[in-house]
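Visitor: The following block contains a protein sequence and its predicted model.
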Amino acid sequence: MDNCIFCKIANGEIPSATLYEDEEFRVILDLGPASKGHALILPKVHAADIYELPEETAGKAMILAKHMAEKMKDALHCDGFNIVQNNGEIAGQTVFHFHMHLIPRYKGDQVGLTWTPGKLSDKDRDEILEKLGR
Ligand code: AMP
Ligand code: ZN
C-alpha cells in the first residue's frame with residue numbers, strides 16, 4: 001500500500017519509537033498516547049482491518065500482545081492493561097492498517113474505555129442466536 005502511513009512505519013521508511021521488531025511486526029509508541037506507554041502492534045504486511053488480516057498473522061499478533069503486556073507490566077509497573085483493536089470508522093478506527101493498541105493502565109488515570117451496560121432482551125438474544133446459526 002503506497003500511501004499507508006503504518007506500512008511505512010512498520011517497514012522502517014518512517015522512523016518511530018520502536019519497542020520491538022521482528023520479521024513480521026513492529027511495536028511502536030503511539031504519538032497520541034491514552035496513557036504512559038501506550039503502544040501499537042503493527043503487522044509489516046498491509047491489511048486494512050481484522051477482516052482482511054490473514055489468520056496466521058492474527059494468531060501471532062495475539063501472542064505478541066501477550067508478550068508485550070508481560071514485558072510492559074514489569075517495566076512500567078502499571079496497575080492494569082487494556083488491549084484494544086478498532087475496525088471501521090464507527091468503531092473509532094482512524095488509520096486503516098490493522099493495529100492493536102497496548103494501553104497500560106494506572107490507578108487514577110483518566111483513560112475512557114468504558115460504556116454504559118444495557119440489558120440483553122429475550123428478543124435480541126433469540127434474534128442474534130438465530131442470525132449466527134445457533
Ligand atoms: P485507531 O483510532 O484505532 O485507528 O488508532 C490510530 C492510532 O494511531 C491513534 O492512537 C493515533 O494516536 C496513532 N497514530 C496516528 N499516527 C501515528 C504515527 N505517525 N505514529 C504513531 N502513532 C500514530
Ligand atoms: Zn498499511
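Guide: In hand now; what should we look at? Ligands and ions are numbered 1, 2, ... in the order given.
Visitor: Grab the most central residue of the chain for me.
Guide: Centroid check for the chain by Cα atoms, centre = their mean gives residue 100 as the closest residue, at 1.6 Å.
Visitor: Surely that one touches residue 61?
Guide: Yes - in terms of Cβ atoms under 8 Å, residue 100 counts as a neighbour of residue 61; the distance is 6.0 Å. C-beta here means a position set from N, CA and C on the backbone, and glycine is covered the same way.
Visitor: quick one: common contacting residues for the two?
Guide: Residues within reach of residue 100 and of residue 61 at once, by Cβ atoms under 8 Å, 6 or more residues apart in numbering, are residue 41.
Visitor: ok, back up a step: quick one: residues contacting the residue nearest to the centre of the chain.
Guide: Contacts of residue 100 (Cβ under 8 Å, 6+ apart): 40, 41, 61, 65, 83, 84, 85.
Visitor: so what's the third one up against?
Guide: Applying Cβ under 8 Å, 6+ apart, one finds that residue 61 lies in contact with 25, 41, 43, 53, 98, 100.
Visitor: Could you dump the residues you listed into a markdown table with pLDDT and distance to residue 4 added?
Guide: Below are the contacts of residue 61 laid out as a markdown table (pLDDT from 0 to 100; distance: Cβ to Cβ, whole Å):
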| residue | pLDDT | distance to residue 4 |
| --- | --- | --- |
| 25 | 98 | 15 |
| 41 | 99 | 16 |
| 43 | 98 | 11 |
| 53 | 98 | 14 |
| 98 | 98 | 11 |
| 100 | 98 | 16 |
